[in-house]
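[1] Following is a predicted model, sequence given first.
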Amino acid sequence: MIENKLLYLNLSVDSSDTSLGFVETWISNFLNDFDKIDVLTLNKSIEAESISEKLKIYGIDQDSSHSKIKKFLELRSIIKKLTQQNNYEVCFSHMSPLLSILVKLFCVKNIPHSILWYTHPKPKELSKKFILLTSLLINNHVVTASNSSFPYKRKKVTAIGHGIDYKLFYSARNDLPNSNFLILSRITKTKNIELSIDSFLKSKFCQNTITIIGDPVTQEDIKYKNYLINKYSAQDNVIFKGKVPHKNLPSVLKDYSFHINSTDTGFYDKSVLETLSAGLFNFYSNPDYNKHFNSTVTPICYFSRTEESLIQKLNTVFDKNKEDLIEIIKLGQLSVGNENVETISKRILSTIEN
């Protein structure tokens with residue numbers, strides 16, 4: 001029997017991660033289309049192998065203290081071994097342009113179809129720009145979430161939506177439980193978290209709470225988080241909750257009614273789609289999300305990434321009837337359902353046929 005095999009490249013396989021825990025859901029869906037999946041990751045968690053007997057995970061251990069050179073040599077060795085022992089039909093790189101390059105460089109056998117998933121603005125660092133452009137060049141197909149979420153325009157780039165675990169997050173709401181706010185985000189400057197908090201504190205909602213769920217990643221992010229904590233230390237209603245495991249997020253989201261996302265164009269964050277699915281009213285500054293509402297609703301949800309604009313939107317919603325807000329939420333939920341991970345995984349594989 002000839003097995004249908006997938007080589008899956010990613011940054012992390014860790015269900016406790018707020019931002020990347022959803023990867024397990026992606027893998028589970030690909031298992032419907034492949035007899036075997038080997039995952040090569042930069043953050044290896046052995047417990048994730050319990051998803052299926054058809055899944056094996058290779059890569060750098062979570063607690064590895066090896067130097068970058070030693071990690072590189074370890075990855076090279078794994079790639080050579082895997083591609084020598086297996087005939088992969090597809091290599092799918094999930095936000096890992098560097099790993100896709102390494103596979104192309106060190107694979108022993110030819111991989112017929114290579115697909116890069118990347119949804120992020122253009123990197124600032126020259127080295128990361130080079131890596132992304134090289135990955136764009138060498139991969140057969142590139143898929144991204146929205147028309148602005150991949151920084152370079154090429155014929156091989158296809159916008160297919162953002163794969164979220166819609167079934168896990170969906171919650172039917174006939175009422176809003178409170179007037180409390182949430183920011184679900186990695187804590188980093190590019191997410192414009194200050195703008196969200198400052199506008200909230202100057203709005204009619206200021207007597208309620210705003211909670212930030214998420215953690216910093218880089219050392220610069222950690223400094224930014226400490227700066228934010230210090231800035232809002234006197235505000236008891238600004239709460240930094242930290243990391244929440246992805247699988248626990250749906251139950252946590254039930255405690256909130258509103259979500260703010262102040263990211264620039266290019267950041268088609270899944271947090272907006274997840275909170276929409278969970279029945280939260282969303283304020284957003286990336287016009288890519290306008291597609292989930294009609295032209296009469298978008299002026300209420302969409303703001304121009306300034307305090308004046310966001311405060312005006314917040315105050316407008318504060319004065320609206322809850323029944324009207326529920327109708328807007330239901331409209332968003334219906335549209336976001338088209339970006340469930342089951343549908344997106346099929347769209348990814350369909351690029352091979354096109």
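    Nice, thanks for sending it over. Everything numeric here is computed off the predicted structure, so don't read it as measured data. Numbers count the residues shown, from 1 in each chain.

[2] which stretches of the protein aren't confidently modelled?
    In the predicted model of the chain, residues 1-3, 14-22, 45-51, 63-64, 354 satisfy pLDDT under 70.

[3] What residues of the helix ranked longest in it count as buried?
    Counting residues, the longest helix found in the chain (DSSP state H) is helix 68-85. For helix 68-85, burial by neighbour count (16 or more other CB atoms under 10 Å) applies to 71, 74-75, 78-79, 82-83. In this view, the C-beta of every residue, glycine as well, is placed from N, C-alpha and C.

[4] With respect to T306, which of the residues you listed is nearest?
    T306 lies nearest to K71 out of these, by CB to CB, at 42.5 Å.

[5] got the contact list for N180?
    Taking CB atoms under 8 Å, 6 or more residues apart in numbering, we find N180 in contact with 208-211, 255-258.

[6] between the residues you listed, which has the most around it?
    Y256 (26 neighbours; other CB atoms under 10 Å).

[7] What are the phi and psi values at that residue?
    Main-chain torsions, Y256, degrees, to the nearest 10: phi -130, psi 160.

[8] Next: the one 4 residues further on.
    Note on I260: its backbone torsions stand at phi -120, psi 130 [degrees, to the nearest 10].

[9] What distance do you get for the residue nearest to it when sequence neighbours are not counted to T188?
    Leaving out its chain neighbours, the residue that sits closest to I260 by CB to CB, 6 or more residues apart in numbering is S196, at 4.2 Å. S196 sits at a distance of 13 Å from T188 (criterion: CB to CB, to the nearest Å).

[10] the more surrounded of those two?
    Counted by other CB under 10 Å, S196 and T188 do not tie: S196 has more neighbours, with 25 against 18.

[11] Pretty sure the more buried one sits in a strand.
    No. Per DSSP: H, G, I helix; E, B strand; the rest coil, S196 lies outside any strand segment and is helix.

[12] Show me the strands in the stretch 251-354 of the chain, by range?
    Assigned by DSSP state E, counting those that start in this stretch, the strands in the stretch 251-354 of the chain fall at 258-261, 281-284.

[13] I'd like these as TSV, with distance to K54 appended.
    Shown next, in TSV, are the strands of the stretch 251-354 of the chain (distance: least, CB to CB, whole Å):
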stretch	distance to K54
strand 258-261	36
strand 281-284	37
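
[14] Check the secondary structure at L137 for me.
    Classification of L137 using three-state DSSP returns helix.

[15] got it, and the one 5 residues further on?
    Here V142 is recorded as strand under three-state DSSP.

[16] Any idea what it is bridged to?
    Assessed by DSSP bridges, V142 has beta-bridge partners L116, V157.

[17] ok, now which ones touch it?
    Applying CB under 8 Å, 6+ apart to V142 gives the contacts 115-118, 136, 150, 154, 156-158.

[18] buried stuff in the helix or strand containing K225?
    If you go by DSSP states H and E, K225 is part of helix 219-231. Neighbour-count burial for helix 219-231 flags 221, 224-225, 228 (criterion: 16+ other CB under 10 Å).

[19] would a markdown table of those residues with distance to L105 be doable?
    Formatted as a markdown table, the buried residues of helix 219-231 follow (distance: CB to CB, whole Å):
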| residue | distance to L105 |
| --- | --- |
| D221 | 30 |
| Y224 | 35 |
| K225 | 36 |
| L228 | 40 |
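
[20] which of these lies closest to K204?
    Closest to K204, out of all of the buried residues of helix 219-231 and judged by CB to CB, is L228, at 22.8 Å.
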